[in-house]
Structure formats: structure tokens, C-alpha cells
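Engineer: sequence plus the predicted model coming up.
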Amino acid sequence: MATFAVDSKRQQMVATGVVEPVMEWVDTPEGKRRPGDNQARQEGTGVPLWGVEVVYQSEQWGRVSTESVKVTVPAQAMPAPSLFTPIQFTDLVASVRVIRANGGLSTSWEAGSIAEMADSAADTRKAAA
């Protein structure tokens, strides 16, 4: 698997507002893997992991498109980014691997934390003031 550091300040990303717990993977008796019932935790710290969905613009072979990915982030409480607002991460990395079944590529994204985001609670407080 190849892993690449991504400068979150240069690669603009927008949060979709979708956040869900990352679940631990378990082995089945049939020898397959599936998401389990327990939320995954960061090794060493035990902090829960969350999948924060983001959209960013990509260019491949001169063709511009948008990509939607989930960035795995450790946080004690569930992050609450506002709908379609800019978001930045610290220590953001993208890992790419080849899918054996079809020869395609799969990318996973992980970050050390959320550096900046507009959250729903902060926007609600500002509106009330």
C-alpha cells in the first residue's frame, strides 16, 4: 500500500455534514471480514474513530471531477461539521492499494485531527447572539 501526505490547506475540502462511527472489522466463520458491532478506536490512545465525509475537486488526465471520501479522524465526541462548509485536517494522509478482484484502486484517508471546521453548534450560537 502506498501512503501519501496531503496538505489540507492546499487541497480544499468541503464537509458534507455526514459523520458516522468507524466500526471494527471482524473475521467471520466463513473466513471473510465484515464491520462488527463495536466502534474502532485509535491504537495507543483508545480515542473513538469517526468517518467524516468530505468532497474535493480532482483532476485525472486533464478531466476535472469531484470526489467524495470519508476521512477517519480520532475524537472523543462526534465531530459536527456544518453542511457544505470548508474543513481542514492535521496530518492528513491518503493510502492507495490495488483491489485484487478487479485490478482497480482503492483509496483510504486518515487524519490526526480536524484543524478547522465550521460546526453546527457554533453557527447556531452565532445566529442566536
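Structural biologist: Here it is on my side, so go on. Residues are numbered from 1 along each chain as shown.
Engineer: quick one: the strands in this structure?
Structural biologist: Here the chain has its strands, by DSSP state E, at 2-5, 13-21, 23-27, 33-39, 49-60, 63-74, 85-90, 93-98, 105-110, 113-117.
Engineer: what pairs with the last one, and is each one parallel or antiparallel?
Structural biologist: So the one you mean is strand 113-117. Strand 113-117 sits in its sheet next to strand 85-90 (antiparallel), going by DSSP bridges.
Engineer: highest mean neighbour count out of the strands of the chain?
Structural biologist: Mean neighbours per residue, mean count of other Cβ atoms under 10 Å, is largest over these for strand 85-90, with a mean of 18. Where C-beta positions appear, they are placed from N, C-alpha and C, glycine not excepted.
Engineer: for that strand, C-alpha coordinates in CSV please.
Structural biologist: C-alpha atoms of strand 85-90 as CSV (Å, rounded to 0.1, in the frame of the first residue of the first chain):
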residue,chain,number,x,y,z
THR,A,85,-18.5,24.2,4.7
PRO,A,86,-14.7,24.2,4.4
ILE,A,87,-12.8,21.7,6.6
GLN,A,88,-9.1,21.2,7.2
PHE,A,89,-7.2,18.3,8.8
THR,A,90,-3.9,17.9,10.5
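Engineer: right, I'll call it a day here.
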